[in-house]
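Peer 1: Below: sequence and its predicted model.
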Amino acid sequence: MQGRLSPRPSIAASFSTSDVAEEFARAKRLGFSYLEWIYEADRAEENPIASAAGRAAIRACAAQSGLPVGSVCGDYFMIHRLAGGSAQSRRENAAALSELVRWTRELGATRILLPLLETSALDTPSRSGK
């Protein structure tokens with residue numbers, strides 16, 4: 001179940017390195033074996049995973065706490081669909097996925113979760129009525 005171990009920042013607030021560090025430490029104390037980093041469409045450019053400095057800060061928090069980032073959830077793709085839409089949007093979203101793969105590797109995570117449901121569900125002949 002996705003969730004936070006610290007208060008979720010407001011839309012206007014930026015990500016706080018001290019909050020992230022405390023969240024890693026809290027998860028370690030609670031016995032978690034790893035954390036899953038969430039990459040959402042809202043404030044995507046503010047997410048620490050989207051910058052080299054942010055990824056370095058995430059790695060530092062993981063190292064300091066002894067709790068790795070084991071996976072990254074690409075909730076971003078629930079809004080920015082990988083299938084459907086225009087050819088241009090599919091190319092842009094595929095490029096965004098390629099970046100997320102690179103960022104995930106930099107964090108040392110071994111899994112990316114792609115929630116292909118709701119608006120991002122893949123169309124099939126039986127689903128689309130074709």
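Peer 2: Received the coordinates, thanks.
Peer 1: all strands for the chain, in order.
Peer 2: With DSSP state E as the criterion, the chain has strands at 35-38, 69-73, 111-113.
Peer 1: who does the longest helix anywhere in the chain touch, helix- and strand-wise?
Peer 2: In the chain, ranked by residue count with DSSP state H as the criterion, the top helix is helix 87-107. If you count contacts as 3 or more CB pairs under 8 Å, 6 or more residues apart in numbering; DSSP states H and E, helix 87-107 packs onto helix 52-65, strand 69-73, helix 76-79, strand 111-113. Where C-beta positions appear, they are placed from N, C-alpha and C, glycine not excepted.
Peer 1: Nearest to residue 29, out of the ones you listed?
Peer 2: helix 52-65 (9.1 Å; CB to CB).
Peer 1: how far does that closest one sit from the chain's center?
Peer 2: Mean-position distance between helix 52-65 and its chain equals 15 Å (CA atoms, centre = their mean, to the nearest Å).
Peer 1: what does that helix rub up against?
Peer 2: 15, 17, 20-21, 24-25, 27-28, 35, 37, 47-49, 68-69, 103, 106-108 (CB atoms under 8 Å, 6 or more residues apart in numbering).
Peer 1: Just the buried ones from those residues?
Peer 2: Buried members of those, scored by 16 or more other CB atoms under 10 Å, are 20-21, 24-25, 27-28, 35, 37, 47-49, 68-69, 103, 107.
Peer 1: show me the contacts for residue 75.
Peer 2: 38-41, 115.
Peer 1: Oops, could you answer that again for residue 109 instead?
Peer 2: Contacts of residue 109 (CB under 8 Å, 6+ apart): 37, 68-72.
Peer 1: if we go to 10 Å?
Peer 2: Taking CB atoms under 10 Å, 6 or more residues apart in numbering, we find residue 109 in contact with 34-37, 49, 58, 62, 68-72, 103.
Peer 1: With distance to residue 81 and pLDDT added, can I get those in CSV?
Peer 2: Output for these, formatted as CSV (distance: CB to CB, whole Å; pLDDT from 0 to 100):
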residue, distance to residue 81, pLDDT
34, 28, 95
35, 26, 93
36, 21, 93
37, 21, 94
49, 20, 96
58, 26, 95
62, 30, 96
68, 30, 97
69, 25, 96
70, 26, 96
71, 21, 96
72, 18, 96
103, 20, 98
